[in-house]
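Participant: Need a 3D model of the following:
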Amino acid sequence: MEPVYRALVGFGLGLLSAPLVFLIDPELVLGPMILLALLNTVILSLKFKDKIDVSQTKLSLIGGTFGVFFAAIFIGLISIEQYQKIFGFLVLLAVSLSVLGIKPKVNYVSSLVASFVSGVMGTITSAGGAPMGLLYQSEEKSTVKANLSIFFVYLNAIAIIALLLAGKASTQDFIHFLQLAPAILIGICLSNFINNLINPKLMRILVLLVATISGMLLIT
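Facilitator: Take a look at the predicted model:
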């Protein structure tokens, strides 16, 4: 179901599945999940390519880059136990940002801050969509998906490079990615048929509930 939700709402991959996957096998989270997110955002970018306007996201690319490399360095300085608790906290932070309902004004400062936080959260947990989604929530849906998808293509690409440089990703991550990629592709195909059959509000509640429980389990 997760890949289906991902295609339906656009950026739910990390928030829903990453904490669950960590509880099952921590080795599948960092590299493989970011590569899966990269695949998904590439597909979304192709789908909405006609509405992509790089000029709207160029400032965010700067903040996101700093966030990614900050996170990659930070991960190298902490233990797996500390990482697990930080992972859980960031998942709960992403849930909180998703339900706050506030509407920040889009400007230079907010773009830099949101993209930096997205870079940090995306690299550590592969769930970096909440800050940018919160910032652009009032924009037209397809335009947001188009510009955020190309932003996250870039962010996920440099995140995996940063993790490789930090020694936190390996060829084994690419093998895991290849094993998991078919599920993403199948989910995207299924979403084309069931997109109008699922209540998005109910799905959102279920996703946030699962993410909250998973985040609390990671912390405790």
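Participant: distance between stretch 204-214 and the chain's centre?
Facilitator: Relative to the centre of its chain, stretch 204-214 is centred 15 Å away, using C-alpha atoms, centre = their mean, to the nearest Å.
Participant: distance of residue 214 from residue 84?
Facilitator: Distance of residue 214 to residue 84, computed by C-beta to C-beta, to the nearest Å: 11 Å. Where you see a C-beta, it was placed from the backbone N, CA and C, and this is true even at glycine.
Participant: shared neighbours of those two, anything?
Facilitator: By C-beta atoms under 8 Å, 6 or more residues apart in numbering, residue 214 and residue 84 have these common neighbours: residue 22.
Participant: more crowded one of the two?
Facilitator: Comparing residue 214 with residue 84 by other C-beta atoms under 10 Å, the one with more neighbours is residue 214, at 24 against 19.
Participant: Not counting sequence-adjacent ones, nearest residue to the more buried one?
Facilitator: Excluding its sequence neighbours, the residue lying closest to residue 214 (C-beta to C-beta, 6 or more residues apart in numbering) is residue 19, at 3.4 Å.
Participant: Could you report the neighbour count for that neighbour?
Facilitator: Residue 19 has 29 neighbours, counted by other C-beta under 10 Å.
Participant: for the helix or strand where it lies, packing partners?
Facilitator: Using DSSP states H and E, residue 19 maps to helix 13-24. Judged by 3 or more C-beta pairs under 8 Å, 6 or more residues apart in numbering; DSSP states H and E, helix 13-24 is in contact with helix 2-9, helix 30-47, helix 80-99, helix 108-125, helix 129-135, helix 200-219.
Participant: buried ones in that helix?
Facilitator: Of all the residues in helix 13-24, those buried under the rule 16 or more other C-beta atoms under 10 Å are 13-22.
Participant: of all those residues, which comes closest to residue 173?
Facilitator: residue 21 (12.8 Å; C-beta to C-beta).
Participant: which residues does the closest one contact?
Facilitator: Contacts of residue 21 (C-beta under 8 Å, 6+ apart): 28-29, 33.
Participant: Ok, residue 28 next?
Facilitator: Per C-beta under 8 Å, 6+ apart, neighbours of residue 28: 21-22, 176, 180.
Participant: Kindly provide the distance from it to residue 72.
Facilitator: Counting by C-beta to C-beta - residue 28 and residue 72 are separated by 18 Å.
Participant: for residue 63, same thing?
Facilitator: In terms of C-beta to C-beta, residue 63 sits 15 Å off from residue 72.
Participant: wait, doesn't residue 70 sit right on residue 121?
Facilitator: No: using C-beta atoms under 8 Å, residue 70 is not in contact with residue 121, being 11.1 Å away.
Participant: my read: the residue nearest to residue 214 touches residue 87, true?
Facilitator: Yes: Residue 19 is within contact range of residue 87, at 7.0 Å (criterion: C-beta under 8 Å).
Participant: tell me the SS of the residue nearest the centre of the chain?
Facilitator: Closest residue to the average C-alpha location of the chain: residue 127 at 3.4 Å, with C-alpha atoms, centre = their mean. Secondary structure, DSSP: H, G, I helix; E, B strand; the rest coil: residue 127 is coil.
Participant: which residues does it contact?
Facilitator: By C-beta under 8 Å, 6+ apart, the contact list for residue 127 reads 13-15, 18-19, 90-91, 94, 121, 211.
Participant: Which neighbouring elements make contact with the helix or strand harbouring residue 159?
Facilitator: Element membership for residue 159 (DSSP H and E) is helix 141-165. Judged by 3+ C-beta pairs under 8 Å, 6+ apart, the packing partners of helix 141-165 are helix 30-47, helix 58-75, helix 108-125, helix 129-135.
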